[in-house]
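Student: Below are the sequence and a predicted model for it; my questions follow.
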Amino acid sequence: MMSFNPLLLPLLLMVFLTFLVWIYLFALRIPEIRQKKIDPNDLQDRAEAHRLLTVSAAASNNLKNLFEMPILFYLAVILATLLLIQDALLVQLAWGFVILRVVHSVVHCSYNRVVHRFAAYFASCALLLLMWLRLATYLVMN
């Protein structure tokens with residue numbers, strides 16, 4: 001029987017957040033394409049698609065963001081799992097990262113105020129850095 005790993009819950013939430021933003025993107029994008037009568041062939045180029053699809057641009061950008069810094073989060077959780085590191089600090093940092101990424105996505109996909117979005121982004125990256133420093137400390141000490 002497999003033992004419970006508390007780091008997997010924030011990891012799963014990040015995965016669900018990514019799918020939620022993906023669903024939201026297409027809930028905006030498909031009606032936008034229909035309303036503007038955009039030929040799908042006109043969307044072959046990313047820059048052109050970004051120019052034409054203004055309503056869904058923020059959701060599209062947020063989805064791209066979810067494949068940038070969160071990759072380091074996924075890797076940190078996998079590494080911690082493989083090394084059997086499940087201390088309270090690492091779990092708290094993981095939850096903090098995920099909660100701030102949820103805030104970042106909500107801001108980005110709604111009113112999109114850059115100052116608020118950046119604050120959530122910066123704080124989440126700081127927590128991610130602390131996760132990696134915790135892992136590095138563990139590896140050096142053991």
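Tutor: Happy to help now that I have it.

Student: Any figure for the gap between L127 and L90?
Tutor: 11 Å (Cβ to Cβ, to the nearest Å). Glycine gets a C-beta too; all of them are placed from N, C-alpha and C.

Student: And the one helix or strand in the chain whose mean pLDDT sits lowest, what's buried?
Tutor: In the chain, no helix or strand scores lower on mean pLDDT, DSSP states H and E than helix 46-52, which sits at a mean of 90. Within helix 46-52, the residues that count as buried by 16 or more other Cβ atoms under 10 Å are 49, 52.

Student: Go ahead and list the helix or strand containing the residue nearest to V102 when sequence neighbours are not counted.
Tutor: Nearest residue to V102, sequence neighbours excluded (Cβ to Cβ, 6 or more residues apart in numbering): L17, at 5.9 Å. Here L17, judged by DSSP states H and E, is contained in helix 8-35.

Student: just N5 next, same as before
Tutor: With DSSP H and E as the criterion, the answer for N5 is that it lies in no helix or strand.

Student: can I assume it is in contact with L83?
Tutor: No: in this structure, N5 is not within contact of L83 by Cβ atoms under 8 Å, at 11.5 Å.

Student: ok, the two, which is more surrounded?
Tutor: For N5 versus L83, the count of surrounding residues by other Cβ atoms under 10 Å is larger for N5: 15 against 12.

Student: and that one, how far is that from A80?
Tutor: Taken as Cβ to Cβ, the span from N5 to A80 is 9 Å.
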